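Novice: what's the 3D shape of this:
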Amino acid sequence: MTRRLSGKEKAAIFLIALGPEKSANVFKHLNEDEMEELTLQIANMRMVSSEEKDKILEDFYQLALAQEYISEGGINYAKEVLERALGEERAIDIINRLTSSLHVRPFEFVRRADANQLLNYIQDEHPQTIALILSYLKPTQSAQILSNLDESKQAEVTRRIAMMDRTSPDIIKEVEKILETKFSGLLTQDFTTTGGVQNVVDILNSVDRGTEKNIMDELDRTNPELGEEIRKRMFVFEDIVSLDNRSIQRIIREIDNSQWAIALKGASEEVKEVIFANMSKRLVEMIKEDIDFMGPVRVRDIEEAQQSIVNVIRKLEEDGEIITPRGGAEVIV
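Specialist: Have a look, this model is predicted:
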């Protein structure tokens, strides 16, 4: 490039290159000061050469790609991939530009680890240590580990995750040493917020139904206030009765008839009534016949079918296609 551009100039050129429609979507995520500064910068921007525009778009693409690699596998993984694609010097430059403002999550080294191997390593640790580690993992990893812990530990670890708030970097580093990590130097030096009730909800949303029930039953017995707080943020199979008819009909279209038959085999009469009320008469007859002729079904199979339906419901909610009330606190008008 023939001239050195500031960060604001690069951002302005990037938005100009995106066009008004896409730039407007970007502006929605900025605060008023940022919007004002960028608008002024765009207004004062002189002629931009095609070489400058292409270079800035390429820079943005490489930074976005590097950020994705870091999210997937950590900094070392991102650096390795970028080195192969762009060469060592360019890769280091991109990583340095990202990490100068990036807060790398503690325990990043285990986020790509196999959950079963990690379980073998931490299952005998103190519940507080396990809770700290699970707080930083992906919910799916934490769910797999939590499901395979001794039942006596499941609720205790869950309680500790929920009660966790801010953890000292020194404690985090000490636990990382226990895991014999070589990445402790990547830890941020400020106090890191982790854990909390929402973290527990994310994990429990991914565990199997049996583990979820065991943990919630134990919390109801030992810490009913916490159990109620978690339950308010979760959606379980029985909560289908709280959905409006339109949402239930949308869910029915996503689920195979055979899966409904298994799930409803062990459902309450209230749940069956709500589901059947939103099906055609012919479909209700077919599912009832399937239930009658399938014979005994393992509880585990019923729970898996119900959990699969709950997963579909949560996905539809994430996509904005339905709304699920939380603990009766959310009123839809």
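
Novice: Show me what counts as buried in the host helix or strand of D202.
Specialist: If you go by DSSP states H and E, D202 is part of helix 197-204. For helix 197-204, burial by neighbour count (16 or more other Cβ atoms under 10 Å) applies to V197, N199, V200, V201, D202, I203, L204. Any C-beta I mention is one placed from the backbone N, CA and C, and that applies to glycine too.

Novice: what do you get for stretch 245-252?
Specialist: So for stretch 245-252, counting by 16+ other Cβ under 10 Å, buried means S247, I248, R250, I251, I252.

Novice: Show me the chain divided up by domain.
Specialist: Structural domains annotated on the chain: 7-99, 108-232, 237-318, as defined by automatic domain parsing.

Novice: can you put these in a markdown table and add mean pLDDT and distance to T324?
Specialist: Formatted as a markdown table, these follow (pLDDT from 0 to 100; distance: least, Cβ to Cβ, whole Å):
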| stretch | mean pLDDT | distance to T324 |
| --- | --- | --- |
| domain 7-99 | 76 | 26 |
| domain 108-232 | 73 | 12 |
| domain 237-318 | 89 | 5 |
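
Novice: most neighbours per residue, which of those?
Specialist: Highest mean neighbour count of the domains of the chain: domain 108-232, a mean of 18 (counted as mean count of other Cβ atoms under 10 Å).

Novice: Identify the residues contacting the next helix or strand after the helix holding D202?
Specialist: Per DSSP H and E, the first helix or strand lying C-terminal to helix 197-204 is helix 209-222. If you take Cβ atoms under 8 Å, 6 or more residues apart in numbering as the criterion, helix 209-222 is touched by 143, 146-147, 151, 154-155, 158-159, 204, 207, 226-227, 230-231, 236-237, 300, 303-304, 306-307.

Novice: Give me the subset of the residues you listed lying in helices.
Specialist: Among those, DSSP state H puts 143, 146-147, 151, 154-155, 158-159, 204, 226-227, 230-231, 300, 303-304, 306-307 in helices.

Novice: Let me know the helix or strand that the closest residue to A17 other than its chain neighbours is in.
Specialist: The shortest distance from A17 to any residue other than its chain neighbours is 5.1 Å, reached at K53 (Cβ to Cβ, 6 or more residues apart in numbering). Using DSSP H and E, K53 maps to helix 50-73.

Novice: one step back: check the buried residues of stretch 245-252 and tell me the two furthest apart.
Specialist: Using Cβ to Cβ, the pair of the buried residues of stretch 245-252 lying farthest apart is S247 and I252, separated by 9.8 Å.

Novice: now stretch 287-298: how far from the chain's centre is it?
Specialist: Mean C-alpha position of stretch 287-298 versus that of the full chain (Cα atoms, centre = their mean, to the nearest Å) differs by 35 Å.

Novice: ends of that stretch, how far apart?
Specialist: 18 Å (Cα to Cα, to the nearest Å).

Novice: Now the element after the strand or helix carrying E80, going C-ward?
Specialist: Using DSSP H and E, E80 sits in helix 75-86. Moving toward the C-terminus from helix 75-86, the next helix or strand (DSSP H and E) is helix 88-99.

Novice: That next one vs helix 75-86, what angle?
Specialist: 140 degrees (axes from the mean of the first three to the mean of the last three Cα atoms, to 10 degrees).

Novice: Alpha carbons of helix 88-99, in PDB - could you do that?
Specialist: C-alpha atoms of helix 88-99 as PDB (Å, rounded to 0.1, in the frame of the first residue of the first chain):
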ATOM      1  CA  GLU A  88       5.400 -17.900   9.600                       C
ATOM      2  CA  GLU A  89       6.000 -14.200   9.500                       C
ATOM      3  CA  ARG A  90       2.500 -13.300   8.300                       C
ATOM      4  CA  ALA A  91       0.900 -15.800  10.800                       C
ATOM      5  CA  ILE A  92       2.700 -14.300  13.700                       C
ATOM      6  CA  ASP A  93       1.700 -10.800  12.700                       C
ATOM      7  CA  ILE A  94      -2.000 -11.800  12.500                       C
ATOM      8  CA  ILE A  95      -1.900 -13.700  15.800                       C
ATOM      9  CA  ASN A  96      -0.100 -10.800  17.600                       C
ATOM     10  CA  ARG A  97      -2.700  -8.300  16.300                       C
ATOM     11  CA  LEU A  98      -5.500 -10.500  17.600                       C
ATOM     12  CA  THR A  99      -4.100 -11.400  21.000                       C
END
